Structure formats: C-alpha cells, structure tokens
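>>> Give me a 3D structure for the following:
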Amino acid sequence: MYSPTHRIVFRWWKISLRSEYRTTKPGEVRETHEDFLENSHLQVQVALIFGERIIEYVLNLCQGKVDFLERLSDNLLLSIMSYLDLEDICRLSQTSRKFAKLCVCDQLWEQIVHSTCDTITPDMRALAEDIGWKAMFFTNKLQLQRQLRKRKQKSESHKPAPADQP
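Below is the predicted model of the structure:
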C-alpha cells in the first residue's frame, strides 16, 4: 500500500464561450489513496469521463497493485518474449490487449526466426517482408523453398534483358 503522503490529484477546466466563465480558474481535488478508495462519487465521475479501464487502473494503483510487466518498453518485452515457447506466446497473447498486439507483431517473429534459422538470405528476408515473419516461421521448409523459387523467377522475369555488346 502506498503511504498516506501519496495523493491522487484530479484537475479540471471549464471551457465556455460565456463571459462569466472566462475568469474561472481550474478546479482541483487532492485526495489520499485511501480517501479516493472510499469516495465512490469521485470514482463514478472518473469512470464516466475516462472509462472503465482508467478507473480500474487507478483503483489498482491506489491498492498498491502495480503491473510492472505492462510498464516495460515494448522492445524489452519483445526481447523477453522471443525466448518463450510457442504455447507460452499463445497463452500470453490472451492476457491483455497489449500482449495480444505484441504476440503477433513482425518484430517478435523476426527475432524468433533469427533464433531458429542458421542463416537468413536476402531472398528469405524479402519474402518475410511480403508475407510476414510469423507466416514465414510457420511455413514448412518445402513450401518455403517453393515460394522462394517463385519469387526468384518472378523477379528475374521482370529484369530487362542484357544488351548485346559489340
């Protein structure tokens, strides 16, 4: 639990074209975490203005429940996630919107492909950029070779024929 010196501060401003409100100063409510937890009226106001997710987040903070994983940078989380088993990545994707988004992002799957493949050729990289690193990871080797061959044939058919030199 946070100490009583920690406070939640809510500020608001009235915005109006009416001249009587032009000199109105911003309002402010300062409450300790414990007072906020007991003030259901203020909780309702916060929920109405900011939504259920924010009030839930503020209530958790007031109760000392801080989700430190959610506070880590995406790059650090992706680096950690790249070491997980596929089953664990699947489970993690079901825990929050943030993790659902991270579990399907190309950056994660590129790291996973790099950790499982000995070499990534420029053709493989180009294919991954076309179909996505996750699709590339789940494509079996035979299909992958076929797609790389098709890609190479397609790029060669678009190259201009070399001019005859005298």
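>>> measure the residue nearest the centre of the chain to C90 for me?
Using CA atoms, centre = their mean, the residue of the chain that lies closest to the mean C-alpha position is K98, 4.4 Å off. According to CB to CB, to the nearest Å, K98 and C90 sit 16 Å apart. C-betas here are computed from N, CA, C, even on glycine.
>>> Show me how far the longest helix anywhere in the chain is from its chain's centre.
Ranked by residue count and defined by DSSP state H, the top helix of the chain is helix 141-157. Chain-centre distance of helix 141-157: 33 Å, with CA atoms, centre = their mean, to the nearest Å.
>>> if we can go back for a sec, which stretch of helix or strand covers the residue nearest to the centre of the chain?
helix 97-104 (DSSP states H and E).
>>> Give me the packing partners of that helix, helices and strands only.
helix 74-81, helix 86-92 (3 or more CB pairs under 8 Å, 6 or more residues apart in numbering; DSSP states H and E).
>>> Please pull up the helix or strand immediately following it.
Downstream of helix 97-104, the first helix or strand assigned by DSSP H and E is helix 106-116.
>>> Buried ones in that following helix, by neighbour count?
By neighbour count with 16 or more other CB atoms under 10 Å, helix 106-116 contains the buried residues L108, W109, E110, Q111, I112, V113.
>>> What is the burial count for L144?
17 (other CB atoms under 10 Å).
>>> Roughly how far does it sit from E34?
Counting by CB to CB, the gap from L144 to E34 is 59 Å.
>>> Equivalent analysis for I112, please.
In this structure, I112 and E34 are 45 Å apart, going by CB to CB.
>>> With C117 instead?
Here the criterion is CB to CB. By it, C117 lies 54 Å from E34.
>>> Likewise for I131?
Separation of I131 from E34 (CB to CB): 54 Å.
>>> Got the domain ranges for the protein?
For the chain, automatic domain parsing gives the domain ranges 7-66, 76-155.
>>> what's the neighbour count on F36?
F36 has 21 neighbouring residues, counting by other CB under 10 Å.
>>> same thing with M81?
By the criterion of other CB under 10 Å, M81 has 21 neighbours.
>>> What of the one 3 residues further on?
Around L84 there are 15 other residues, counting by other CB under 10 Å.
>>> coming back round to it: between the buried residues of helix 106-116, which sits nearest T139?
Taking CB to CB as the measure, V113 is the one of the buried residues of helix 106-116 closest to T139, at 10.4 Å.
>>> Averaged over its residues, which helix or strand of this structure has the lowest pLDDT?
In the chain, no helix or strand scores lower on mean pLDDT, DSSP states H and E than strand 7-12, which sits at a mean of 74.
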